[in-house]
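Chemist: pasting the structure only:
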């Protein structure tokens with residue numbers, strides 16, 4: 001659009017010449033506002049944006065297929081070497097490094113589970129939503145990547161912040177490029193809405209169950225929404241997003257998500273023993289038990305190990321802080337909350353008898 005934001009307002013303080021990413025603040029506040037309008041209104045906006053985004057991807061693939069050059073795929077896996085910044089490229093090592101870096105693209109699927117309270121028949125719809133969206137997204141990810149590399153040599157995309165638009169313009173489709181890019185930018189809201197909604201629901205669940213302060217687990221009587229949790233996640237998102245660089249956050253997010261995936265995989269073993277006893281039999285069970293949970297843990301650990309040392313170190317620090325919060329506050333407060341819930345049930349039972 002020809003607008004140029006000053007460096008100090010376009011980059012976080014952790015970047016050279018930056019102070020605060022003002023766009024991040026504005027966008028997060030917009031997303032927070034949408035979430036506070038309620039799930040039904042937000043889901044309608046999400047549906048429209050998702051349809052537009054998928055159409056934009058299909059349009060790019062359609063036009064891109066007309067400009068493929070087979071020689072750009074040769075060799076399909078470049079020879080392994082080390083970049084000037086010390087990162088691996090090409091060969092198995094390069095693929096392994098790439099998997100670890102782009103893993104954050106896959107974190108949206110677990111957010112579906114975080115919104116299970118809003119779903120009808122979640123025991124059936126949750127697995128279908130997660131697995132179905134995963135299959136569709138991976139197919140589109142791979143298709144876009146293959147078309148991009150086929151249109152121009154992969155080296156042309158180095159440090160290119162708009163590879164899809166650039167490739168379309170260079171192929172003689174400037175208007176298509178503008179349309180696809182506009183939809184892509186607006187479509188980013190779908191991920192932001194989904195993740196912030198999931199984050200607020202997690203905070204709400206932790207507050208309700210006594211793992212975090214009780215005010216997070218309260219629902220606003222007027223809007224029937226966890227407003228306190230939404231406001232809290234908004235403040236956290238603004239502080240982190242506006243003052244830390246994307247390169248740092250991307251690896252930290254990947255590391256944190258992989259740690260969560262590892263614990264979820266291992267957690268299936270003790271939960272399976274309790275099914276039908278102190279917890280209800282689930283409508284959906286992980287197949288190929290006990291092999292698949294172990295494979296999930298090993299795969300997550302393998303990807304985690306490919307992150308750079310700084311990401312693993314910061315993730316470890318964040319993990320330790322979380323454990324301290326749990327053992328010092330969450331575990332004890334959770335026990336008190338359960339005891340209070342049990343007393344309330346007993347009192348209700350006694351009142352009914354009287």
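Modeler: That came through, no problem. Remember, predicted model here, so these are calculated numbers, not experimental data.

Chemist: Spell out the residue ranges of the helices in the stretch 151-300 of the chain.
Modeler: For the stretch 151-300 of the chain, applying DSSP state H, counting those that start in this stretch gives helices covering 163-170, 174-208, 227-243, 246-274, 291-305.

Chemist: Of all those, which one comes closest to residue 100?
Modeler: Checking the helices of the stretch 151-300 of the chain against residue 100 by C-beta to C-beta gives helix 291-305 as the closest, at 5.5 Å. C-beta coordinates here come from the backbone N, C-alpha and C atoms, glycine included.

Chemist: Enumerate the positions of the first helix or strand past that closest one going along the chain that are buried.
Modeler: Going down the chain from helix 291-305, the next helix or strand is helix 309-325, by DSSP states H and E. By neighbour count with 16 or more other C-beta atoms under 10 Å, helix 309-325 contains the buried residues 311-312, 314-315.

Chemist: before we move on, what about stretch 189-200?
Modeler: Going by neighbour count (16+ other C-beta under 10 Å), the buried part of stretch 189-200 is 189-200.

Chemist: Check stretch 134-143 too.
Modeler: For stretch 134-143, a neighbour-count test (16+ other C-beta under 10 Å) marks residue 143 as buried.

Chemist: what secondary structure does residue 77 sit in?
Modeler: What DSSP: H, G, I helix; E, B strand; the rest coil gives for residue 77 is coil.

Chemist: hang on, it packs against residue 95?
Modeler: Yes - using C-beta atoms under 8 Å, residue 77 is in contact with residue 95, at 7.2 Å.

Chemist: So which of these two has more stuff around it?
Modeler: residue 95 (14 against 10; other C-beta atoms under 10 Å).

Chemist: how far does the helix or strand harbouring the more buried one sit from the chain's center?
Modeler: Assessed by DSSP H and E, residue 95 sits inside helix 91-102. Mean-position distance between helix 91-102 and its chain equals 19 Å (C-alpha atoms, centre = their mean, to the nearest Å).

Chemist: Summarise which helices and strands it is packed against.
Modeler: Other elements packing on helix 91-102 under the criterion 3 or more C-beta pairs under 8 Å, 6 or more residues apart in numbering; DSSP states H and E are strand 88-89, helix 246-274, helix 291-305.

Chemist: If you count neighbours, what's buried in that helix?
Modeler: Applying 16+ other C-beta under 10 Å to helix 91-102 flags 94, 97, 100-101 as buried.

Chemist: circling back to that earlier point, with residue 120 as the reference, name the closest of the helices and strands packed on helix 91-102.
Modeler: helix 246-274 (23.4 Å).

Chemist: Tell me what angle that closest one forms with helix 309-325.
Modeler: 50 degrees (axes from the mean of the first three to the mean of the last three C-alpha atoms, to 10 degrees).

Chemist: which parts of helix 246-274 are buried?
Modeler: Judged by neighbour count (16+ other C-beta under 10 Å), helix 246-274 contains these buried residues: 248-259, 261-262, 264-265, 268.

Chemist: contacting residues around the residue lying closest to residue 218 once chain neighbours are set aside?
Modeler: Excluding the flanking residues, the one nearest residue 218 by C-beta to C-beta, 6 or more residues apart in numbering is residue 228, at 5.7 Å. By C-beta atoms under 8 Å, 6 or more residues apart in numbering, residue 228 lies in contact with 207, 215-216, 218, 220.

Chemist: Turn those residues into JSON lines, columns for distance to residue 170, pLDDT and neighbour count.
Modeler: Formatted as JSON lines, the contacts of residue 228 follow (distance: C-beta to C-beta, whole Å; pLDDT from 0 to 100; neighbours: other C-beta atoms under 10 Å):
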{"residue": "207", "distance to residue 170": "51", "pLDDT": "88", "neighbour count": "21"}
{"residue": "215", "distance to residue 170": "54", "pLDDT": "88", "neighbour count": "10"}
{"residue": "216", "distance to residue 170": "49", "pLDDT": "89", "neighbour count": "22"}
{"residue": "218", "distance to residue 170": "54", "pLDDT": "88", "neighbour count": "14"}
{"residue": "220", "distance to residue 170": "51", "pLDDT": "82", "neighbour count": "12"}
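
Chemist: Let me know the closest of those to residue 50.
Modeler: Comparing these against residue 50 with C-beta to C-beta picks out residue 220 as the nearest, at 27.2 Å.

Chemist: tell me the phi and psi of the closest one?
Modeler: Note on residue 220: its backbone torsions stand at phi -60, psi 130 [degrees, to the nearest 10].

Chemist: From residue 235, how far out is the closest residue to residue 203 other than its chain neighbours?
Modeler: Nearest residue to residue 203 in three dimensions, chain neighbours excluded: residue 229, at 4.0 Å (C-beta to C-beta, 6+ apart). Remark: distance between residue 229 and residue 235 (C-beta to C-beta, to the nearest Å) = 11 Å.
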